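[1] This is a predicted model, with the sequence first.
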Amino acid sequence: MHTRSSRTPRRIGRLAALGLAALAGVTLLSACASADPLGDGAGGSGGSGGAGESQTLVVGSQDYYSNEIVAELYAQALEDGGFTVDRQLRIGQREVYMPEIESGSIDVFPEYTGNLLQYLDPEADATSSDDVYGALEAALPKGLRVLAQSEASDQDSYVVTSDFAKQHGLTEIGDLAGVEGLTLGGNSELAKRPYGPDGLKQVYGVDVAFTPIEDSGGPLTVKALRDGQVQLVDLYSADPVFADGDLVVLSDPKGLFLASHVVPVVSDKVDAEAAAIIDGVSAALTAEDLQQLGAQSVSDQAPASKIAAAWLKEKGLVG
């Protein structure tokens with residue numbers, strides 16, 4: 001955990017200007033309401049204050065390298081804008097961190113529109129990017145809202161090896177219905193997700209056994225796929241491993257996976273100034289950027305803080 005002990009003078013600059021421009025093009029929820037300060041002694045009077053007030057914003061992340069990098073982008077941009085940030089990173093999976101967000105313990109969290117919507121409303125039928133975003137706004141618990149979604153997408157996808165795809169003539173998920181003895185690998189939570197084994201059966205008629213691999217689609221999951229321990233895995237679409245060329249993403253014509261863009265979920269403590277700074281990051285982040293940032297983490301083993309700092313400087317988003 002890293003914190004800044006004091007605020008710097010109020011400064012919005014180019015980052016907030018980008019955020020305000022993004023706000024004009026995206027429908028957001030109503031302005032911030034007041035919220036009680038955290039129980040750690042942070043001052044301030046809730047969401048109505050700005051960077052001049054003594055209030056700490058808690059930024060969290062999933063236990064996933066790409067998500068941690070995005071959280072660092074938010075955190076460092078906020079710090080550059082004069083906000084004090086308390087980092088609570090690598091918390092865990094959605095079942096672990098969402099109760100913390102809902103309780104008000106976390107103020108800023110990078111999420112993914114489709115996945116979060118399915119978590120909050122398993123019966124949601126929205127599939128397009130705009131429809132998913134609108135449904136997510138409506139599904140969020142009281143006291144939470146989403147800021148502008150990014151162009152960048154890092155959504156779940158079902159993946160096989162290129163050799164396996166050629167052997168069985170696979171191009172889309174439904175083609176798996178004719179393949180026997182399939183084992184799906186992924187985090188244990190996948191077993192109960194709407195797009196997990198039950199979703200595969202209901203939407204595409206695909207039967208699979210399930211093997212938990214607890215590294216969030218990381219190197220253990222990829223190794224299990226390449227070694228033939230499992231035949232199908234759930235990987236995120238921005239994973240740099242796809243650059244190797246030996247893995248194939250199966251298309252999803254029936255929308256088992258919802259459109260899922262990177263989106264900040266924030267509490268009422270995030271005021272208009274902080275929101276504009278975060279929106280500036282979202283406006284600048286592309287799908288290509290996200291994949292390149294992930295590659296630096298996976299291939300170069302660079303820390304998230306260093307990766308984020310370099311990107312923000314390259315984009316001219318920090319001073």
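    Cool, got the structure.

[2] How is the chain partitioned into domains?
    13-153+259-314, 156-249 (automatic domain parsing).

[3] Quick check: which of these is buried the most?
    Among the domains of the chain, ranked by average contacts under mean count of other C-beta atoms under 10 Å, first place goes to domain 13-153+259-314 (a mean of 19). Glycine gets a C-beta too; all of them are placed from N, C-alpha and C.

[4] residue ranges of the helices in this protein, please?
    Secondary structure of the chain, counting by DSSP state H: helices at 13-25, 65-80, 94-102, 113-120, 129-139, 162-168, 197-204, 219-226, 272-284, 287-298, 304-314.

[5] In terms of secondary structure, what does the longest one contact?
    To tie it back to what came earlier, the one meant is helix 65-80. strand 56-60, strand 84-88, strand 108-112, helix 272-284, helix 287-298, helix 304-314 (3 or more C-beta pairs under 8 Å, 6 or more residues apart in numbering; DSSP states H and E).

[6] So which other helices or strands are in contact with the fourth one?
    Looking back up the chat, that one is helix 272-284. Against helix 272-284 (3+ C-beta pairs under 8 Å, 6+ apart) you get helix 13-25, helix 65-80, strand 262-267.

[7] between these, which has the poorest average model confidence?
    Mean pLDDT values for the helices and strands packed on helix 272-284 show the minimum at helix 13-25, a mean of 46.

[8] pLDDT below threshold where in the stretch 201-319 of the chain?
    Within the stretch 201-319 of the chain, no range satisfies pLDDT under 70.

[9] residue contacts, residue 253?
    Shown in contact with residue 253 (C-beta atoms under 8 Å, 6 or more residues apart in numbering): 172, 174.

[10] Could I get the phi/psi values of it?
    phi -60, psi -20 (degrees, to the nearest 10).

[11] Pull up the gap between it and residue 73, please.
    Distance, residue 253 to residue 73, using C-beta to C-beta, to the nearest Å: 33 Å.

[12] Would you quantify the distance from residue 306 to residue 296?
    8 Å.

[13] cool, and residue 62?
    According to C-beta to C-beta, residue 62 stands 18 Å off from residue 296.

[14] Cheers, nothing more for now.
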